[in-house]
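S.K.: can't give you the sequence, but here's the structure:
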């Protein structure tokens, strides 16, 4: 890697505003806001609207579409062959 052209890569806390959970990970994102983490260190915090803790796909609350009704409507329109 060329020196001096890549952004700094360090620990950052991502805080989910929908569920209130926080994740400590590494990222190139930065923020002016900071938070005191459980290990006693202070890290920059980035607020996100949705994460794996509140996304319907990962939490299992995703809605199931009525695919049977769609198939029947298709067969009525174009005929079952």
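M.R.: Alright, I've got the coordinates. A quick note: this is a predicted structure, and the numbers were derived from the prediction, not measured.
S.K.: pLDDT below threshold where in the protein?
M.R.: 56-67, 80-81 (pLDDT under 70).
S.K.: could you rerun that using 80?
M.R.: 1, 52-71, 80-81 (pLDDT under 80).
S.K.: and the top helix by length along the chain, what's buried?
M.R.: If you go by DSSP state H, the chain has its longest helix at helix 67-78. Within helix 67-78, no residue is scored as buried using 16 or more other C-beta atoms under 10 Å. (C-beta placed from N, C-alpha, C; glycine too.)
S.K.: also stretch 38-53?
M.R.: Buried-residue list, stretch 38-53, by 16+ other C-beta under 10 Å: 43-45, 51.
S.K.: let's see which of these end up in helices.
M.R.: Counted as lying in helices by DSSP H, out of the buried residues of stretch 38-53, is not a single one.
S.K.: closest to residue 4 out of these?
M.R.: residue 44 (21.6 Å; C-beta to C-beta).
S.K.: now that closest one, nearest residue through space, not along the chain?
M.R.: residue 31 (4.3 Å; C-beta to C-beta, 6 or more residues apart in numbering).
S.K.: what residues are up against the one you found?
M.R.: By C-beta atoms under 8 Å, 6 or more residues apart in numbering, the contact list for residue 31 reads 12, 44-46.
S.K.: can you do 6 Å?
M.R.: Shown in contact with residue 31 (C-beta atoms under 6 Å, 6 or more residues apart in numbering): 44-46.
S.K.: in what helix or strand does it lie?
M.R.: Assigned by DSSP states H and E, residue 31 belongs to no helix or strand.
S.K.: what of the one 4 residues further on?
M.R.: Counting by DSSP H and E, the element that carries residue 35 is strand 34-36.
S.K.: note down every partner strand of that strand and its orientation.
M.R.: Applying DSSP bridges to the sheet, strand 34-36 is found paired with strand 42-48 (antiparallel).
S.K.: which outside residues touch the partner strand?
M.R.: 11-17, 29-31, 33-37.
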